[in-house]
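**Q** have a look; sequence and predicted model below, questions after that.
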Amino acid sequence: MTEDLIFELISANILWILIAIFGLLIITRGLQIVPQSEQYVVERFGKLHKVLGPGINLIVPFLDKVAHRISILERQLPNASQDAITRDNVLLEVETSVFYRILQPEKTVYRIRDVDGAIATTVAGIVRAEIGKLDLDDVQSHRSQLISTIKALVEDAVDDWGIEVTRAEILDVNLDEATRSAMLQQLNAERARRAHVTEAEGQKRAVELTADAELYAAEQQAKARRIQADAEAYATSVVARAIAENGLEAAQYQVALKQVEALDAMARGSGNQTIVLPANAVEAFGNAFQMLKGRG
C-alpha cells in the first residue's frame, strides 16, 4: 500500500468523521426538548421567530437560536409595603402580596425589562388610588371587595405584558401611632356610651315593669271590688225580690236574723260581759226565734 493510498484513506475517514460530527451537531442544535414547566423563545437573525412549547421541537441550526428560556410556573412577588392615605386623611401602611404567571413569553420578553419590578410598582399605585377612595372604616369592612378591585385593575394593567395575575392579597393594614391612640380613645368612649345606654335602658325597663305590675294590681283590685259589688247587688236584689214576694214577713225575718247574729257575736266576745236588754228587745228576739224556727 502506497503512501498516497494511505493518505487518501485517512483523508476519507477524517471527512466521514467530520460529516458525522457535523450531522450530530445539527441534530443537537436542531432538536430542542422543552420541559413541561417552561417555554422557549426562538429568534432568527435576532428577530422573534416562534415560541417552543413543552416536548420535542425542531429548529433550523445556525439560523434559529433559543434566546430565552421562560418558566411558566406561578410566581410570588416579595411582600411589599406602601403608604396610602384614606379619604378621611388617615395614613396607612398597607402590606400586599401578588401571585402571577407568564402566559405569553414573547410579550414578557420584548415589552418589559423587569417584570417583577413593574408589577410591584403597578400594584403600589393601584392600592394607593383605591384606598384613597375609601374611609378608614370602609378599608376593613370592604376588604374583600377592595382586594377584588385591585386584582382586576392589576390584571388590566399587565395584560400587554402577557401576564396573568392569579391572586392579589392585602396581608395587613397598619396605622400610625397617633391615629391608633386616637382610635383607642374613641373606642373606649364608645364602649362607655354603650354601657350608659344599656344601664339607662335597664332602668327604663325596670320602671316600665313596675308600672305594669302596679297597673295589674290595680286592675285586679278593681275587678275584686266589682265582683264584691256585684255580689252585694245580687244579695240586695234577692232580698228585694223576697220582700216583694213575701211582704213584711220576709223583712222581719231578715231583721231577726241580723239580731241573732249580733247577739251571737257579742256573746263570743273576750272577757266578762254583762248585756242589758230592754223588755221589748227580749220580746223581739223571741219573735225572731219563732220566725227562724218557722223558717227552719
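**A** Now that the structure is in, tell me what you want to look at. Numbers count the residues shown, from 1 in each chain.
**Q** going by C-alpha atoms from here, please, whenever you check contacts or count neighbours.
**A** Fine.
**Q** apart from its neighbours in sequence, what residue is nearest Tyr100?
**A** Nearest residue to Tyr100, sequence neighbours excluded (C-alpha to C-alpha, 6 or more residues apart in numbering): Val165, at 4.3 Å.
**Q** just the CA atoms of the strand or helix carrying Gln82, as PDB, please.
**A** Counting by DSSP states H and E, the element that carries Gln82 is strand 80-85. In PDB, the C-alpha atoms belonging to strand 80-85 read as follows (Å, rounded to 0.1, in the frame of the first residue of the first chain):
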ATOM      1  CA  ALA A  80     -44.300  44.800  49.700                       C
ATOM      2  CA  SER A  81     -45.400  47.700  52.000                       C
ATOM      3  CA  GLN A  82     -46.600  51.000  50.800                       C
ATOM      4  CA  ASP A  83     -48.100  54.100  52.400                       C
ATOM      5  CA  ALA A  84     -51.700  55.100  51.500                       C
ATOM      6  CA  ILE A  85     -54.000  57.900  52.600                       C
END
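**Q** strands paired with it, and their directions?
**A** Here strand 80-85 is paired, per DSSP bridges, with strand 91-102 (antiparallel).
**Q** quick one: the longest helix seen in the chain to strand 91-102, angle?
**A** When the chain is parsed with DSSP state H, its longest helix is helix 177-246. With axes from the mean of the first three to the mean of the last three C-alpha atoms, to 10 degrees defining the directions, helix 177-246 sits at 100 degrees from strand 91-102.
**Q** nearest residue to Lys50 other than its sequence neighbours?
**A** Closest residue to Lys50 apart from its sequence neighbours, by C-alpha to C-alpha, 6+ apart: Val42 at 5.3 Å.
**Q** and for stretch 146-166, what's in contact with it?
**A** 98-108, 111-112, 119, 122-123, 126-127, 130, 139, 167-170 (C-alpha atoms under 8 Å, 6 or more residues apart in numbering).
**Q** secondary structure element holding the residue nearest to Tyr100?
**A** Following DSSP H and E, one finds Val165 within strand 163-175.
**Q** give me the mean pLDDT for stretch 84-96.
**A** Averaging pLDDT along stretch 84-96 gives 88.
**Q** is it true that the residue nearest to Lys50 touches Leu63?
**A** No. Under the criterion of C-alpha atoms under 8 Å, Val42 is not in contact with Leu63, lying 10.0 Å apart.
**Q** which one's more surrounded, the two?
**A** Per other C-alpha atoms under 10 Å, whichever of Val42 and Leu63 has more neighbours is Val42, with 21 against 11.
**Q** now do that one, the pLDDT please.
**A** At Val42, the model reports a pLDDT of 94.
**Q** contacting residues for it?
**A** 48-52, 64-68 are the contacts of Val42 under C-alpha under 8 Å, 6+ apart.
**Q** coming back round to it: buried stuff in the strand holding Val165?
**A** By 16 or more other C-alpha atoms under 10 Å, the buried positions in strand 163-175 come out as 163-165, 167-170, 175.
**Q** any of the contacts of stretch 146-166 buried? List them.
**A** Buried members of the contacts of stretch 146-166, counted by 16+ other C-alpha under 10 Å: 98, 100-106, 108, 119, 123, 126-127, 130, 139, 167-170.
**Q** number of nearby residues for Asp83?
**A** Neighbour count for Asp83, taken as other C-alpha under 10 Å: 15.
**Q** what residues are up against it?
**A** Taking C-alpha under 8 Å, 6+ apart as the contact definition, Asp83 lies against 91-94, 128.
**Q** dump those residues to CSV, plus neighbour count and distance to Glu199.
**A** Formatted as CSV, the contacts of Asp83 follow (neighbours: other C-alpha atoms under 10 Å; distance: C-alpha to C-alpha, whole Å):
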residue, neighbour count, distance to Glu199
Leu91, 17, 37
Leu92, 21, 36
Glu93, 15, 39
Val94, 20, 40
Arg128, 17, 43
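**Q** can you redo these as a markdown table with distance to Arg226?
**A** Shown next, in a markdown table, are these (distance: C-alpha to C-alpha, whole Å):
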| residue | distance to Arg226 |
| --- | --- |
| Leu91 | 74 |
| Leu92 | 74 |
| Glu93 | 76 |
| Val94 | 76 |
| Arg128 | 78 |
